[in-house]
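1. Structure here, sequence nowhere to be found:
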């Protein structure tokens, strides 16, 4: 298995792109599906292990911190060893962790498993984006990024439904074992498709060769650092609006767990629709920074609306949905900005480093939001999320000119 460039046999580019996007998007589905298996049953876990939400937040911190540190290394490995090999290895490890969580006898066993889960999770963004950026036609790249992110969102949507349904039937431990088995089956199929993942597009003979960029030159460039800051801020907001949404809705509005998870489903479904719209717009619009700024500002406005004490339950559902749609619409443009800032020969390094900002935010935010819940301040979760979104707007606008220059034809 190799990622070295070589001519391809004659084959319709659209069919080749479709298969490749489908494979990496399915892998992304499982990574997000695994991430959202535990949050819907947080109230059950607090009772099962005799812990509070702050301790559960610590698990998120351990996993995200590990993934964040490792993701940069994973990006280097993607550029050196090949994205397909790294992707299959990460998914195998993550699936094994899900089985182990289902067998954990106490909370303390979950802590090292959270660290191992971070190692498994770290591979997806650098591997997936390296594959798509190198091999998908540039004219449909925004939609490819959108489809990839949409698959992840579908994983987030499916996880609460699958986890709660299986938990009601056979308990949460057995539910995790069943889900793990499904993940292993897909991993075996993905490994069998390594040729499709590794077969690159031919590079025109006129394309100049470049020396590999050193990690330091990539990571310390101003556009990449601003992208990293953007992803960190975005992650803080996303943890509040997504991971802690069911628990915050229960605490703030007194709803049932089922209704609270319905609001999470509405957020994720609306975000998925936003991704579809954003993918189309990002391929046609020359200002991705403006798309991002507008979408995040609207999302922040509705996040603040969720903090209103007088909000009715129907208004809550509408507000959550609109917040999710505006948030999702920014995601394809976000990835295009990163692609524009990345050196062509260091895509894995760039996406690995930048996406580690998501893990940094994921490490910082859960204990904060957990403490807000433990101190009976659930509405402040939505205020903090809105602040993160508004601050992220500035970083996206600053880095946008670098992305536009890189998008111009050579």
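-> Looks like it arrived, so ask away. Computed from a prediction, not measured in an experiment: that's the story for all the values here.

2. Now do the helix or strand residue 109 falls within: distance to the chain's middle.
-> When secondary structure is defined by DSSP states H and E, residue 109 falls within helix 107-121. Here helix 107-121 is found 18 Å from its chain centre; the criterion is Cα atoms, centre = their mean, to the nearest Å.

3. which outside residues touch it?
-> 31, 34-35, 49-51, 55, 58-60, 62-68, 70, 90-97, 100-101, 104, 359 (Cβ atoms under 8 Å, 6 or more residues apart in numbering). From N, CA and C alone the C-beta is placed, and that goes for glycine too.

4. Type out the PyMOL command that picks the buried ones from the residues you listed.
-> A single PyMOL command selects the buried members of the contacts of helix 107-121 (16 or more other Cβ atoms under 10 Å):
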select buried, resi 31+34+35+49+51+55+58+59+60+62+63+64+65+66+67+68+70+90+91+92+93+94+95+96+97+100+101+104+359
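
5. just to revisit the earlier point, now do the helix holding residue 109, average pLDDT.
-> Taken as a whole, helix 107-121 has a mean pLDDT of 91.

6. Of the contacts of helix 107-121, which belong to strands?
-> Secondary structure from DSSP state E places none of the contacts of helix 107-121 in strands.

7. Among the contacts of helix 107-121, which ones are in helices?
-> Cross-referencing these against helices under DSSP state H gives 31, 34-35, 49, 55, 58-60, 62-68, 70, 90-97, 100-101, 359.

8. Check which residues of the helix holding residue 109 are buried.
-> Buried-residue list, helix 107-121, by 16+ other Cβ under 10 Å: 107, 110, 113-121.

9. Pipe those into JSON lines and attach distance to residue 275 per row.
-> Formatted as JSON lines, the entries for those read as follows, by distance: Cβ to Cβ, whole Å:
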{"residue": "107", "distance to residue 275": "35"}
{"residue": "110", "distance to residue 275": "31"}
{"residue": "113", "distance to residue 275": "30"}
{"residue": "114", "distance to residue 275": "28"}
{"residue": "115", "distance to residue 275": "30"}
{"residue": "116", "distance to residue 275": "30"}
{"residue": "117", "distance to residue 275": "25"}
{"residue": "118", "distance to residue 275": "25"}
{"residue": "119", "distance to residue 275": "27"}
{"residue": "120", "distance to residue 275": "24"}
{"residue": "121", "distance to residue 275": "20"}
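
10. So what's the residue count around residue 185?
-> Close neighbours of residue 185, defined as other Cβ atoms under 10 Å, add up to 11.

11. which SS class is it?
-> With DSSP: H, G, I helix; E, B strand; the rest coil as the basis, residue 185 sits in helix.

12. residues touching it, list them.
-> Shown here is residue 185, which makes no contacts under the criterion Cβ under 8 Å, 6+ apart.

13. now residue 21, nearest residue through space, not along the chain?
-> Using Cβ to Cβ, 6 or more residues apart in numbering and skipping residues adjacent in sequence, the residue nearest residue 21 is residue 144, 5.1 Å away.

14. Residue 162 is in contact with residue 261, correct?
-> No - Residue 261 is beyond contact range of residue 162, at 11.6 Å (criterion: Cβ atoms under 8 Å).

15. who's more crowded, these two?
-> Between residue 261 and residue 162, counted using other Cβ under 10 Å, the more crowded position is residue 261 (22 against 19).

16. Return the distance of the helix or strand harbouring the more buried one from the chain's centre.
-> Using DSSP H and E, the secondary-structure element containing residue 261 is helix 257-284. Relative to the centre of its chain, helix 257-284 is centred 13 Å away, using Cα atoms, centre = their mean.

17. and it, what does it pack onto?
-> Using 3 or more Cβ pairs under 8 Å, 6 or more residues apart in numbering; DSSP states H and E as the contact definition, the elements that helix 257-284 packs against are helix 141-170, helix 245-253, helix 288-305, helix 313-329, helix 331-341.

18. For the closest residue to residue 95 other than its chain neighbours, list the residues it contacts.
-> Leaving aside its sequence neighbours, residue 95 sits nearest to residue 183 (Cβ to Cβ, 6+ apart; 3.7 Å). For residue 183, the contacting residues are 30, 34, 91, 94-95, 98, taking Cβ under 8 Å, 6+ apart as the criterion.

19. The residues you listed: which two are farthest apart?
-> Pairwise distances across the contacts of residue 183 (Cβ to Cβ) peak at 10.9 Å, for the pair 91 and 98.

20. just to revisit the earlier point, for the helices and strands packed on helix 257-284, which one ends up most surrounded?
-> For these, the largest average neighbour count (mean count of other Cβ atoms under 10 Å) is found in helix 331-341, namely a mean of 26.

21. element containing residue 377, please.
-> Assigning secondary structure by DSSP H and E places residue 377 outside every helix and strand.
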